[in-house]
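>>> I would like the atomic coordinates for the input below:
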Amino acid sequence: MTSGPQAGPTDDDTPDALAEEPERLLTPLLAPSDGVPDVVVDERRLVEAGRAIAAGTGPVAVDAERASGHRYGQKAYLVQLRRAGSGTWLIDPVACPDLGPVADGIGDAEWVLHAATQDLPCLAQIGLRPVHLFDTELGARLVGLPRVGLGAAVEHYLGLSLAKEHSAVDWSTRPLPEPWLRYAALDVEVLVELRDAIAADLESQGKSDWAREEFDALLNFEGPPVRVDPWRRTSGMHRVRKRRGIALVKELWITRDRIAERRDTSPGRVLPDSVIVELANLAPTTAEEMAEVRELRPARRNAKVWLDAIRRAQNLPENALPPLTLAGTGPPPPRAWPDRDPVAAARLAQAREGLAAFGTEHTVPVENLMTPDVLRRVIWSPPADLSAAGIAAALAALGARPWQVAITAPIVAQACVDHP
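All right, here's what the predicted structure looks like:
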């Protein structure tokens with residue numbers, strides 16, 4: 001169990017209790033300074049890009065565009081890079097699936113990304129892995145910005161406004177329209193300048209070492225852990241209350257996933273979660289039954305496929321049905337603590353209060369001081385040694401970084417001593 005990279009919502013409108021910024025006049029960033037470059041779609045130009053980036057200086061701004069909601073999986077459909085002295089490069093990783101020449105050109109230069117956990121896995125798939133990186137979204141969190149989306153951070157530090165109207169388009173489209181390419185190039189246009197401004201704030205607030213530990217932890221990020229029974233994430237599944245219905249959700253989800261992978265499309269475009277839940281609860285046996293229920297009508301297009309899936313689940317013996325829920329691997333939800341263990345609940349409340357006070361004083365979100373899961377695990381089942389050193393060892397064993405341990409261990413230890 002590790003605490004993992006500290007990250008959270010990145011929407012520019014995410015509220016935060018730390019502060020509110022006054023309105024000010026912004027300069028729209030409408031076009032890349034060097035114009036919109038042609039997309040690299042062949043090996044010759046890819047090698048040229050690698051050489052140009054190698055000849056540049058300083059950090060390399062890196063971004064990737066996926067087709068979430070349109071295609072199956074999270075592969076990259078466009079990669080954007082910019083470095084002083086080499087300009088901006090837009091690369092089609094479908095036409096150039098191995099970006100080894102670009103990786104060679106970057107070498108051990110620092111990458112600058114915004115919300116790195118979103119892009120690192122898809123970039124690794126095409127041969128791009130950082131040796132050093134700076135995450136401007138995570139840096140913005142650590143310095144206490146009230147909003148940490150790329151647009152909000154650029155507004156705060158550089159007085160520029162970025163348009164985001166193409167953020168959710170289908171980046172697998174070919175050829176990519178020029179307005180989309182302009183948008184993509186602008187995402188890396190001022191990323192290095194943003195990095196420098198955030199780094200200056202980190203230094204002035206004494207948080208540079210915190211950030212470096214967080215950035216180093218991201219170097220090994222390969223994506224979220226593989227979920228046990230991912231079909232249990234079906235939205236609205238809480239409305240399915242019988243094991244047979246759970247089996248129907250599972251079979252329908254697996255069937256949908258196979259179709260989506262084969263078609264290379266988003267599973268939700270094959271069949272929405274809401275329809276899976278309705279099918280599981282109603283278990284129709286004919287296409288005519290589907291047609292009679294408005295909520296089931298989206299399933300009529302592949303009625304035989306879904307009816308076959310329902311039939312397979314209905315034919316399962318009782319001892320083969322999945323459980324209604326999976327046994328938890330960690331502490332119970334905090335709302336249950338006062339009844340299950342009032343002393344642990346008191347420990348948690350005191351530790352949260354102490355961390356909140358530190359976060360307010362140092363303008364850093366509490367969830368970046370320590371992930372809620374790690375905090376709950378240590379407080380629910382404290383080590384035998386309740387000293388700060390004992391708590392520190394327990395936190396470190398769960399993946400907390402040294403800077404987090406140094407801050408939180410004394411606070412948690414005091415809560416454990418006060419409520420043994």
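
>>> Stretch 126-142: how far from the chain's middle?
Here stretch 126-142 is found 13 Å from its chain centre; the criterion is Cα atoms, centre = their mean, to the nearest Å.

>>> Name the residues of it that are buried.
Neighbour counts using 16 or more other Cβ atoms under 10 Å place 126-128, 130, 133-142 of stretch 126-142 among the buried residues. No exception for glycine: its C-beta is placed from N, CA and C like everyone else's.

>>> give me the number of residues near the nearest residue to Glu213 once chain neighbours are set aside?
Among residues not flanking Glu213 along the chain, Arg401 sits closest, at 4.5 Å (Cβ to Cβ, 6 or more residues apart in numbering). Close neighbours of Arg401, defined as other Cβ atoms under 10 Å, add up to 21.

>>> surely Arg401 meets Ala211?
No. Using Cβ atoms under 8 Å, Arg401 is not in contact with Ala211, being 10.6 Å away.

>>> Can you mark which positions in the helix or strand encompassing Gln118 are buried?
Here Gln118 is covered by helix 116-125, with elements defined by DSSP states H and E. For helix 116-125, a neighbour-count test (16+ other Cβ under 10 Å) marks 116-123, 125 as buried.

>>> Likewise for stretch 262-282?
Buried residues in stretch 262-282, defined by neighbour count with 16+ other Cβ under 10 Å: 265-267, 270-273, 275-282.

>>> sorry, back to before: as a markdown table, the buried residues of stretch 126-142 with secondary structure and distance to Leu181 would be great.
Below are the buried residues of stretch 126-142 laid out as a markdown table (DSSP: H, G, I helix; E, B strand; the rest coil; distance: Cβ to Cβ, whole Å):
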| residue | secondary structure | distance to Leu181 |
| --- | --- | --- |
| Ile126 | coil | 19 |
| Gly127 | coil | 22 |
| Leu128 | coil | 20 |
| Pro130 | coil | 24 |
| Leu133 | strand | 25 |
| Phe134 | strand | 25 |
| Asp135 | strand | 24 |
| Thr136 | helix | 22 |
| Glu137 | helix | 23 |
| Leu138 | helix | 27 |
| Gly139 | helix | 27 |
| Ala140 | helix | 26 |
| Arg141 | helix | 30 |
| Leu142 | helix | 32 |
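
>>> ok, now which ones touch Val277?
234-237, 239-240, 249 (Cβ atoms under 8 Å, 6 or more residues apart in numbering).

>>> My error: substitute Val417 in the last question.
Leu386.

>>> Kindly provide the distance from it to Ile391.
Separation of Val417 from Ile391 (Cβ to Cβ, to the nearest Å): 10 Å.

>>> Then Val39?
Using Cβ to Cβ, we find Val39 at a distance of 53 Å from Ile391.

>>> Same check on Glu288?
Per Cβ to Cβ, Glu288 is found 63 Å from Ile391.

>>> hmm, what's the outermost residue in the chain?
Centroid-distance maximum for the chain: Glu288 at 41.5 Å, with Cα atoms, centre = their mean.

>>> how close does that one sit to Arg300?
Distance, Glu288 to Arg300, by Cβ to Cβ: 10 Å.

>>> Quickly find the element holding Ala351.
Counting by DSSP H and E, Ala351 is part of helix 342-362.

>>> List the contacts of that helix.
With contacts defined as Cβ under 8 Å, 6+ apart, helix 342-362 is touched by 18, 144, 205, 334, 337-338, 364-366, 369-370, 375-376, 379-380, 382, 407-408, 411-412, 414-416, 418-420.

>>> picking up where we left off before, from the buried residues of stretch 262-282, pick the one nearest Asp308.
Leu279 (12.0 Å; Cβ to Cβ).

>>> Assess the claim that the closest one and Trp306 are in contact.
Yes. Contact status for Leu279 versus Trp306: in contact at 6.2 Å, counting by Cβ under 8 Å.

>>> Could you tell me which residues touch both of these two?
Counting by Cβ under 8 Å, 6+ apart, the contacts common to Leu279 and Trp306 are 252, 299.

>>> where along the stretch 201-350 of the chain do the helices fall?
Shown for the stretch 201-350 of the chain, the helices assigned by DSSP state H, counting those that start in this stretch span residues 208-218, 243-263, 267-270, 273-282, 287-292, 303-314, 337-340, 342-362.

>>> List the buried residues in the first one.
By that I understand helix 208-218. By neighbour count on 16+ other Cβ under 10 Å, the buried set for helix 208-218 is 208, 210-211, 214-215, 217-218.

>>> and Arg83, which of the three is it?
strand (DSSP: H, G, I helix; E, B strand; the rest coil).

>>> can you pull the contacts of it?
53, 56-61, 109, 192.

>>> Contact partners for the closest residue in space to it that isn't next to it in sequence?
Distances taken as Cβ to Cβ, 6+ apart place Gly56 nearest to Arg83, at 3.6 Å, with adjacent residues excluded. Contact criterion Cβ under 8 Å, 6+ apart gives 83-86 as the residues in contact with Gly56.

>>> mind running it again at 10 Å?
For Gly56, the contacting residues are 81-87, 105-106, 109, by Cβ atoms under 10 Å, 6 or more residues apart in numbering.

>>> isn't Leu248 right up against Asn315?
No. Assessed by Cβ atoms under 10 Å, Leu248 is found out of contact with Asn315, at 11.3 Å.

>>> With that, I have no additional questions.
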